[in-house]
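> need coordinates for the below:
(2 chains, ligands or ions: 2)
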Amino acid sequence: MVLPRRWRIVLLAAGLCVVIAGIPALVVFLGAFEHSVVDAAVEAPLTAKQIANLAPKGRYIAAAADCVACHTTEGGAPWAGGRPFEMPIGTLYATNITPDPETGIGGWTRAEFQRAVRDGVAKGGRHLYPAMPYVSYRQMTEEDVDAVYAYLLTRQPVRQENRRDSLPFPYVRQFMTFWNLLNLPHDVPSPVAQKSAAWNRGRYLVDALGHCGECHTPRDITMGVIPSRYLQGAVIEGVDAPDITPEGLARLGFAPNRLGDFMRSGMGPQGVMAFAMYDVVQHSTQYLTDEDAAAMATYLAGDPPPPLPAFAAADLPAGTKDNGHRLYVAVCGGCHGLAGEGTPNVAPPMTTNAALRLPQPTNLLTVLITGLPWRDFPHGARLQDMPGFTGLLTDQEIADVANYLRATWGGRVPDVTPATVRGMRPASDK
Amino acid sequence: MSLAKRPLSLTVNDRAIGPIEVPETLMMLDFLHEHLNLTGSRVGCGQGICHACTVMLAEPDGSWREIRTCITGAQFFAGKRVRTIEGHAERDGQGNVVALTPIQQAFIEHFAFQCGYCTPGFVTAAAVLLERLKRRPIRRSEVEGIIETALAPHICRCTGYVRYYEAVRAVILATPGLVVG
Ligand code: FES
Ligand code: FES
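Numbers count the residues shown, from 1 in each chain, chains lettered A, B, ... in the order given. Ligands and ions are numbered 1, 2, ... in the order given. Here you go, the predicted structure:
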């Protein structure tokens, strides 16, 4: 069959388009646009002496970068991986980074380790998924990554096979080249000369090591962080990771000196670290030195920090105020103090609590409905559990107490409705 | 300064109480001790950890839950029905105890407590558990786990845990209808 001439031209044009579009796509797919920030000099292996010398520093850097939280599964050996990460298209598992030669990173060269951490490309050219925050770690210095490498090589080797991810097909990894083209910065920012040394060190701790933006910066449809909304807050695991820009922190009532203490102790006038941040304190920020905690606070709170806005309670309808106050005395005041002043080592104050000042009531309602477990905190501190009130209070009552708290001590418009509460209750209790 | 008061009416151990004017900010434990002279509920920690102060609170559907009176305001109980430790044993017309509940008897027989400070709380926890099993029996294999969960929040500084646990298990297994299959 011979196609009419018109059709042949259309088909030919379509074919050309596919080829023309396909070539760049193939080029991207094969990684031609990928740019390594790793210097060729790291091809030289570290000597045994260098490893021994760097390892203590590596312990500190690994803590500041919070490696262990992901690379250890609940009840598993430290650094041996296995912790699951549920993604929309399947489950990923953190890998074994003990020095076991077969199942861990014992057979990795210094350069391979550097490229995995800073380029997102593992030994053998296998692309990592950005659940491993290489976009942030890209900013780590060569020496710090070497130190972590040295530290890990001096850990106890644990033989534990990595679990295969459950993604639908195996070529997804190579598609990370497209993701990287969109979301992995080509180069890393240099220190800002006009800013203080503390601010620059703080930025390094926040962006490179602490990878704060991975949770506190919202992501776009490609799951890359949105640079223009840097640290402005995002929803993570169903709760709000707050806005931690200088203005955001000031609105929550954080002065820089308080913020450093809060990062290390996990508690203070602004409340108690909860949700994923509890683990961050437990594995990471509690180990920061005085100087580093202060530097982190200097960077986050601003140098100079904006003035803390004057606090003003929000108006509350008389009925809600009366009900809310009664309920507060009935089920909150026994521990949090009848005037919201808190009880040391028992329950945080309400008067200065950052959770009440958040724009959304999500975190407050989560705590009111499901409670919080008892926890150990740094330096031998321990807080008992906060009971959830899902079985004890009605939707209206939880809404009233939430509105009372937010208006009185959060200065927030009391807009929580019983329907909001209902929507957040566990399925077993609707 | 005088404390703001509100009238309070509730049912304690099947007796209608009030209305009594009580301070808005009074905790239930103090109300039981100071206003009703029901001093059996203990104050251990006063911050919600030890559970020595718990009483039974009736739900609208007639089931019971345990509630800590040291951290719950008296006004919370307005219109509600509670059972304190004084309301468990059977009494005669003069208020004298004539028969302990099976769980109270079992705690004595198992030598579960020494100083007895925590005992009102453990009796409360066990009674709530037994009431629950009456309504919703469990399988034999679940018995140990459910006792552990029910008693776990209670602290006994004389460390009578094992004996409390064994006493509760004995009562559950000896009471018809709590365990199925
Ligand atoms: S006194 Fe109430 S829990 Fe300890
Ligand atoms: S018997 Fe003494 S505290 Fe339990």
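
> please make it C-alpha for all contacts and neighbour counts, starting now.
Noted.

> next, count neighbours for A:Leu252.
25 (other Cα atoms under 10 Å in any protein chain shown).

> test my guess that B:Leu57 contacts B:Arg68.
No: the criterion here is Cα atoms under 8 Å, and B:Leu57 misses it with B:Arg68 at 9.8 Å.

> quick one: which of these two has more around it?
Each of B:Leu57 and B:Arg68 has its neighbours counted (other Cα under 10 Å); B:Arg68 has more, 25 against 21.

> run through the residues that contact residue 168.
With no chain named, the answer covers chain A. When contacts are counted by Cα atoms under 8 Å, 6 or more residues apart in numbering or on different chains, A:Pro168 touches A:Ile89, A:Gly90.

> wrong one, chain B
B:Ile103, B:Ala106, B:Phe107, B:Ala126, B:Ile147.

> what sits against the first one?
Residues in contact with B:Ile103, defined by Cα under 8 Å, 6+ apart, are B:Val123, B:Ala126, B:Ala127, B:Ala167, B:Val168, B:Val171.

> which element is it on?
helix B:102-109 (DSSP states H and E).

> is the helix or strand just after that helix up against chain A anywhere?
Going down the chain from helix B:102-109, the next helix or strand is helix B:119-135, by DSSP H and E. No: contact of helix B:119-135 with chain A (Cα under 8 Å from any Cα of the partner chain) is absent, the minimum separation being 15.1 Å.

> give me the distance from helix B:119-135 to the chain's centre.
7 Å (Cα atoms, centre = their mean, to the nearest Å).

> what's in contact with that helix?
B:40-42, B:51-56, B:63-66, B:84-85, B:103-104, B:113, B:147, B:150-151, B:154, B:164, B:168, B:172, B:177-179.

> if we can go back for a sec, ok, of the contacts of B:Ile103, which one's closest to A:Glu397?
Lowest distance from A:Glu397 to the contacts of B:Ile103 (Cα to Cα) belongs to B:Ala127, with 28.0 Å.

> what's the neighbour count on that closest one?
Neighbour count for B:Ala127, taken as other Cα under 10 Å: 22.

> re the thing from before, how about TSV for the contacts of B:Val168, with distance to ligand 2 and pLDDT added?
Formatted as TSV, the contacts of B:Val168 follow (distance: Cα to the nearest ligand atom, whole Å; pLDDT from 0 to 100):
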residue	distance to ligand 2	pLDDT
B:Ile103	15	98
B:Ala106	14	98
B:Phe107	10	98
B:Ala126	14	98
B:Ile147	17	98
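
> follow-up on the earlier one: from the contacts of helix B:119-135, which land in helices?
Counting by DSSP state H, the part of these found in helices is B:Ile103, B:Gln104, B:Ile147, B:Ala150, B:Leu151, B:Tyr164, B:Val168, B:Ile172.

> check contacts around the last one.
Going by Cα under 8 Å, 6+ apart, B:Ile172 touches B:Leu130, B:Leu178, B:Val179.

> so which of those also contact ligand 1?
Applying Cα under 6 Å from any ligand atom, the subset of these adjacent to ligand 1 is empty.

> need the residues you listed in TSV (columns: neighbour count, distance to A:Leu182 and pLDDT).
Formatted as TSV, the contacts of B:Ile172 follow (neighbours: other Cα atoms under 10 Å in any protein chain shown; distance: Cα to Cα, whole Å; pLDDT from 0 to 100):
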residue	neighbour count	distance to A:Leu182	pLDDT
B:Leu130	21	61	98
B:Leu178	21	62	97
B:Val179	19	61	97
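
> give the contact list for A:Leu338.
Per Cα under 8 Å, 6+ apart, neighbours of A:Leu338: A:Tyr328, A:Val329, A:Cys332, B:Thr25.

> ok, now A:Pro189?
A:Gln139.

> residues from chain B in reach of chain A?
Going by Cα under 8 Å from any Cα, the residues of chain B near chain A are B:24-25, B:27, B:47-49, B:70-76.

> just to revisit the earlier point, could the contacts of B:Val168 be laid out in TSV, adding distance to A:Ala297?
Below are those laid out as TSV (distance: Cα to Cα, whole Å):
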residue	distance to A:Ala297
B:Ile103	56
B:Ala106	58
B:Phe107	55
B:Ala126	50
B:Ile147	47
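
> looks to me like B:Ile20 is in a strand.
Yes: under DSSP: H, G, I helix; E, B strand; the rest coil, B:Ile20 falls within a strand.

> follow-up on the earlier one: relative to A:Ile105, which of the contacts of B:Ile172 is nearest.
B:Val179 (52.9 Å).

> that closest one contacts B:Leu173, doesn't it?
Yes: B:Val179 is within contact range of B:Leu173, at 7.1 Å (criterion: Cα under 8 Å).

> nearest to B:Lys80, of the contacts of B:Val168?
Ranked by distance to B:Lys80 (Cα to Cα), the contacts of B:Val168 are led by B:Ala126 at 21.0 Å.

> now for that closest one, how many residues are close by?
25.

> now for the residue in the stretch 251-400 of chain A that ligand 2 sits nearest to: which residues touch it?
Distance from ligand 2 to each residue of the stretch 251-400 of chain A (Cα to the nearest ligand atom) is smallest for A:Gln384, at 19.3 Å. With contacts defined as Cα under 8 Å, 6+ apart, A:Gln384 is in contact with A:Val346, A:Ala347, A:Pro373, A:Trp374, A:Arg375, B:Ile49.

> B:Arg136 and A:Arg173: what is the separation?
51 Å (Cα to Cα, to the nearest Å).

> now swap in A:Arg163 and tell me
15 Å.

> try A:Phe113
The separation that A:Phe113 has from A:Arg173, given Cα to Cα, amounts to 18 Å.
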